[in-house]
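Engineer: Next comes the sequence, and after it the predicted model I'd like to discuss.
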Amino acid sequence: EAGVTQFPSHSVIEKGQTVTLRCDPISGHDNLYWYRRVMGKEIKFLLHFVKESKQDESGMPNNRFLAERTGGTYSTLKVQPAELEDSGVYFCASSQGHGANVLTFGAGSRLTVL
Amino acid sequence: AQSVTQPDIHITVSEGASLELRCNYSYGATPYLFWYVQSPGQGLQLLLKYFSGDTLVQGIKGFEAEFKRSQSSFNLRKPSVHWSDAAEYFCAVREYGNKLVFGAGTILRVKS
């Protein structure tokens, strides 16, 4: 079984540019989550999709961040325009079904904003 | 809001020595607790979890953790550390909606 795949693994952009991160969850997993770890801080929740619907986006920092999951399969997270404080590692995770279950994480996409 | 504290940012142990990584949480109800590990270049891998039942849980790679409600702790242990255990370890508690709240992480260094 393929795991959670994230692309790109590392992106370096300049302040003001746009970046789109992609996440392919495990096939059949309805739940998809985005998390972020800013340098030296905790891993923080960004948002949760159930299929194509946003279940919880309480962790999204501001309106420069846009997450989509068209068709309920892969998801993208766009940052536009990027700011220096957006630098960090963005993790995607997926899980099956409802209730308390285990999240499987991807390797993360490291974003560096110069 | 729930929180997780990992008081040790860095820990160094000798190969073959025992290991204990501390984790304290704040949560009103019975918590669902997790330990994840991240090796360089890898994603977060689940080591073990506690949902209910036996308070001593066994995980992969020889790790175990003990849930102590009275101390609000979920410490991770391993009797004999291997060089390949060098990584960053994260304790987490599940919040509503299956959202995880993570601690700041503990970096484990193993010296030979």
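Structural biologist: Good, I have the coordinates. Numbers count the residues shown, from 1 in each chain, chains lettered A, B, ... in the order given.

Engineer: For residue 110, list each beta-bridge partner.
Structural biologist: Here I'm looking at chain A. A:R110 forms beta bridges with A:H10, A:V89, as assigned by DSSP bridges.

Engineer: wrong one, chain B
Structural biologist: B:V110 has these beta-bridge partners by DSSP bridges: B:V13.

Engineer: Could you check how many residues crowd around it?
Structural biologist: 19 (other Cβ atoms under 10 Å in any protein chain shown). The C-beta positions use only the backbone N, C-alpha and C, and glycine is treated the same way.

Engineer: residue ranges with poor pLDDT in chain B?
Structural biologist: Screening chain B residue by residue with the criterion pLDDT under 70, one finds no matching range.

Engineer: Can you name the residues of chain A that neighbour chain B?
Structural biologist: With Cβ under 8 Å from any Cβ of the partner chain as the criterion, chain A meets chain B at residues A:3-4, A:31, A:33, A:35, A:41-45, A:48, A:55-56, A:59, A:91, A:93, A:95, A:99-108.

Engineer: List buried residues within these.
Structural biologist: A:4, A:31, A:33, A:35, A:42-45, A:48, A:55-56, A:59, A:91, A:93, A:95, A:101, A:103-108 (16 or more other Cβ atoms under 10 Å in any protein chain shown).

Engineer: Which secondary structure state is assigned to B:Q45?
Structural biologist: Taken by DSSP: H, G, I helix; E, B strand; the rest coil, the conformation at B:Q45 corresponds to strand.

Engineer: Which residue, neighbours along the chain excluded, lies closest to it?
Structural biologist: Nearest in space to B:Q45, with sequence neighbours left out and distances taken as Cβ to Cβ, 6 or more residues apart in numbering or on different chains, is B:V37 at 5.3 Å.

Engineer: where does chain A dip in pLDDT?
Structural biologist: Counting by pLDDT under 70, chain A contains low-confidence residues at A:1, A:98-100.
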